[in-house]
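> got a sequence here, can you model it:
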Amino acid sequence: MVETITATQLRDWIDGDRSFALLDTRPEESYDSWHIEGAIQYTYKPAFAFDAADFRAQTGLAPDDDIVTICAKGVSSFDIAKQLQDAEYENVTVVEDGMEGWSEVYDIVEVPTVSDVDIVQLQRRAKGCLSYLVADPEREVAAVVDPTRHVERFASLASDRGYSIEFVLDTHVHADHISGGRELAGHVGATYCLSADAADRGVTEDYRALDRNEVVSVGEVDVKAVPTPGHTSEIVSYLVDREAVLTGDTLFVDSVGRTELQFGDGEADAGAELLYESLHRTLLAEPDAVTVLPGHFSVGADGTTDVIPGEPVQTTVGAARTGLDLLTVDREAFVRRLTESLPEKPANYETIIAINAGRESPDDEETSTELELGPNNCAATSD
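Modelled structure (predicted):
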């Protein structure tokens with residue numbers, strides 16, 4: 001009988017330094033575009049004739065090796081596991097939902113604070129998406145910022161901590177993943193919020209429009225909507241009690257947001273001009289000690305990342321100001337560097353934007369999953 005594990009268990013095996021070989025059975029092009037770090041690629045489909053000698057020659061894996069198989073959805077990886085067992089490979093385990101399951105793995109990480117506010121960072125490991133729970137522990141109320149479409153994760157996290165979610169806020173109309181903002185708000189009976197400028201992006205669903213510097217009170221915790229246009233025209237950062245600033249896709253730990261997804265390749269410089277102002281006149285004007293909590297972290301197509309499991313993705317205003325070379329150059333150089341070499345656009349970004357604006361709806365859960373597969377691509381450049 002073939003043993004199986006969930007994608008979350010695979011995460012734990014990887015983090016626990018367990019010794020095993022991860023075998024990715026998807027076609028080479030799928031593997032090259034997105035895979036887990038260290039995985040061995042070996043194309044296999046259930047219709048293929050399996051040759052154990054050829055398998056060993058291509059992968060270098062012997063019958064006594066500990067092997068974990070993964071594919072897109074857990075079908076071909078399960079079939080090859082049975083073939084391997086028939087060929088006397090004794091230690092073979094299958095990841096149940098394949099890379100689709102891996103795309104839904106979240107790490108829950110506490111963000112250190114000096115005040116009474118509770119900030120929890122939800123790290124979507126495969127895509128590099130970051131979401132936040134911001135709560136007043138004494139009043140037992142919370143807000144969720146930039147939730148993804150797996151809304152039960154956020155509802156359960158709040159419930160487990162005894163919090164009632166009163167507000168759900170998106171920093172902007174996302175291009176790399178489907179927002180769970182409206183769905184989560186409806187699920188828990190919260191108010192869904194976007195910048196007042198979101199009307200200019202053609203958002204058709206109901207939301208509370210937050211004016212410039214408007215404060216949302218989460219118990220005794222103030223969450224201020226601070227416009228920081230550049231990545232998009234309507235994007236805001238959320239200043240939490242002057243303790244932390246949730247910057248969405250404006251400022252990352254090692255980079256800044258790209259500017260042409262809304263404005264277009266020919267107008268990327270206009271977005272870059274806006275972004276320069278947002279960074280230098282708004283975010284970098286905050287005290288050095290304010291914690292910067294971005295909306296993404298970098299994940300390579302090969303699964304590599306600088307994120308340390310269990311640690312928050314964060315920096316400070318002071319560290320960003322002095323540590324990111326891109327923030328030390330003048331306006332002209334900043335605009336040139338952001339626009340001279342544009343990275344590959346996120347997969348399906350136009351469709352995802354339309355969904356997040358409420359103009360389109362995915363056909364079903366499988367469609368949503370397929371639209372989102374792969375890491376995010378929202379940074380303009382790394383420092």
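> from here on, just use CA atoms for contacts and neighbour counts.
Fine.
> thought residue 226 was touching residue 213?
Yes - with contacts counted by Cα atoms under 8 Å, residue 226 reaches residue 213, the gap being 5.1 Å.
> compare those two (neighbour count), which wins?
Neighbour count, other Cα atoms under 10 Å: between residue 226 and residue 213, residue 226 has more, with 25 against 16.
> elements contacting the helix or strand harbouring the more buried one?
With elements taken from DSSP states H and E, the one containing residue 226 is strand 221-227. Contacts defined by 3 or more Cα pairs under 8 Å, 6 or more residues apart in numbering; DSSP states H and E place strand 221-227 against strand 215-218, strand 236-240.
> closest to residue 64 out of the ones you listed?
Across the helices and strands packed on strand 221-227, the minimum distance to residue 64, taken as Cα to Cα, is reached by strand 236-240, at 52.4 Å.
> and residue 303, what is it in contact with?
When contacts are counted by Cα atoms under 8 Å, 6 or more residues apart in numbering, residue 303 touches 34, 35, 36, 37, 126.
> switch to 10 Å and redo it
Neighbour list for residue 303: 33, 34, 35, 36, 37, 38, 39, 125, 126, 127, 374, 375 [criterion: Cα atoms under 10 Å, 6 or more residues apart in numbering].
> which ones among those residues lie within strands?
With strands taken from DSSP state E, there is no overlap with the contacts of residue 303.
> from these, pick the one nearest residue 89.
The shortest approach to residue 89 among the contacts of residue 303 belongs to residue 39, at 18.1 Å (Cα to Cα).
> quickly find the element holding the closest residue to that closest one other than its chain neighbours.
Distance criterion Cα to Cα, 6 or more residues apart in numbering; nearest residue to residue 39, sequence neighbours excluded, is residue 22 at 4.9 Å. Element membership of residue 22 [criterion: DSSP H and E] is strand 21-24.
> which residues sit against that strand?
Outside strand 21-24, the residues touching it (Cα under 10 Å, 6+ apart) are 10, 14, 30-31, 35-44, 59, 61, 65-72, 76-77, 92-95, 98-99.
> and it, which strands flank it?
According to DSSP bridges, strand 21-24 forms sheet pairs with strand 40-41 (parallel), strand 66-70 (parallel).
> what mean pLDDT does it get?
Per-residue pLDDT over strand 21-24 has a mean of 98.
> now do it: distance to the chain's middle.
Mean-position distance between strand 21-24 and its chain equals 24 Å (Cα atoms, centre = their mean, to the nearest Å).
> got it, and stretch 315-329?
From the chain centre to the centre of stretch 315-329 is a distance of 22 Å (Cα atoms, centre = their mean).
> report the central residue of this protein.
In the chain, the C-alpha closest to the average C-alpha coordinate belongs to residue 129, at a distance of 1.1 Å (Cα atoms, centre = their mean).
> that concludes my questions; thank you for your assistance.
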